[in-house]
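J.: With the input below, show me the fold.
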Amino acid sequence: MKKVVLIILLGSVIPTVAFAQSITFNKKIKFYQTWIYQHKDTLLMKGFLYELKDSSIVVLNKFIESNHEIKLDNLTEIPIKKIELIKTRNKKGISTGTVAGIFCGLGLGLIAGALIYEPANSDSEPLDRLDKGAKVVVTGIASALVGGVIGAVLGSSKYRYEINKNWNDYMLNGKSMLNKSILYQLQN
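T.: Sure, this is the predicted structure:
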């Protein structure tokens, strides 16, 4: 009888414990890649900013975006006493910057091409005889390529937070880092 009761208790507790080891969400969250440095040039940890505590930072090591689930065993807590510098960047910053740059460059290129080029004469050189519309499209595509490169460079920029292993510096920078943490976004 004792074995049956023990099996029933374990059978009811194990699924509860297994379920408590992950968080599933349906809310749209921005994930910020985080690089934590022990010294200015020594990388201590790389992951996603999960939570800011009073004396430490919690970083998510891995995240599988397809099932919108965060496994809590992938969390690492790092005390402020070990952190010199923190850098963060939006996970989709480069792709978003590239797409925005392409569309801005394309729009500006098309407008500039329409304003600059005049209709061709029949007496002009063969390249000059191109239709005005073709010249506008070529200018737009060239500007889109340049805009995409500029957007990617701007999107790859990182926010820097100097902590200097100091609690006061951490508290000064903590307010601007707080909205980038996953747990804060889930709660708000």
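J.: list the contacts for residue 139?
T.: Neighbouring residues of residue 139 by Cβ atoms under 8 Å, 6 or more residues apart in numbering: 109-110, 112-113, 116-117. The C-beta positions use only the backbone N, C-alpha and C, and glycine is treated the same way.
J.: Strands along the chain, start to end?
T.: 22-24, 32-39, 42-52, 56-60, 69-71, 75-79, 85-90, 159-162 (DSSP state E).
J.: any chance of the ones you listed in a markdown table, with distance to residue 102, mean pLDDT and mean neighbour count too?
T.: Compiled in a markdown table, the strands of the chain are given as follows (distance: least, Cβ to Cβ, whole Å; pLDDT from 0 to 100; neighbours: other Cβ atoms under 10 Å):
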| stretch | distance to residue 102 | mean pLDDT | mean neighbour count |
| --- | --- | --- | --- |
| strand 22-24 | 34 | 61 | 12 |
| strand 32-39 | 22 | 86 | 18 |
| strand 42-52 | 27 | 86 | 18 |
| strand 56-60 | 31 | 89 | 21 |
| strand 69-71 | 32 | 67 | 16 |
| strand 75-79 | 37 | 88 | 14 |
| strand 85-90 | 18 | 88 | 20 |
| strand 159-162 | 24 | 87 | 15 |
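J.: Next, format the ones you listed as JSON lines and append distance to residue 151.
T.: JSON lines is the format used below for the strands of the chain (distance: least, Cβ to Cβ, whole Å):
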{"stretch": "strand 22-24", "distance to residue 151": "33"}
{"stretch": "strand 32-39", "distance to residue 151": "18"}
{"stretch": "strand 42-52", "distance to residue 151": "23"}
{"stretch": "strand 56-60", "distance to residue 151": "27"}
{"stretch": "strand 69-71", "distance to residue 151": "30"}
{"stretch": "strand 75-79", "distance to residue 151": "32"}
{"stretch": "strand 85-90", "distance to residue 151": "13"}
{"stretch": "strand 159-162", "distance to residue 151": "18"}
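J.: Brilliant, that's me finished.
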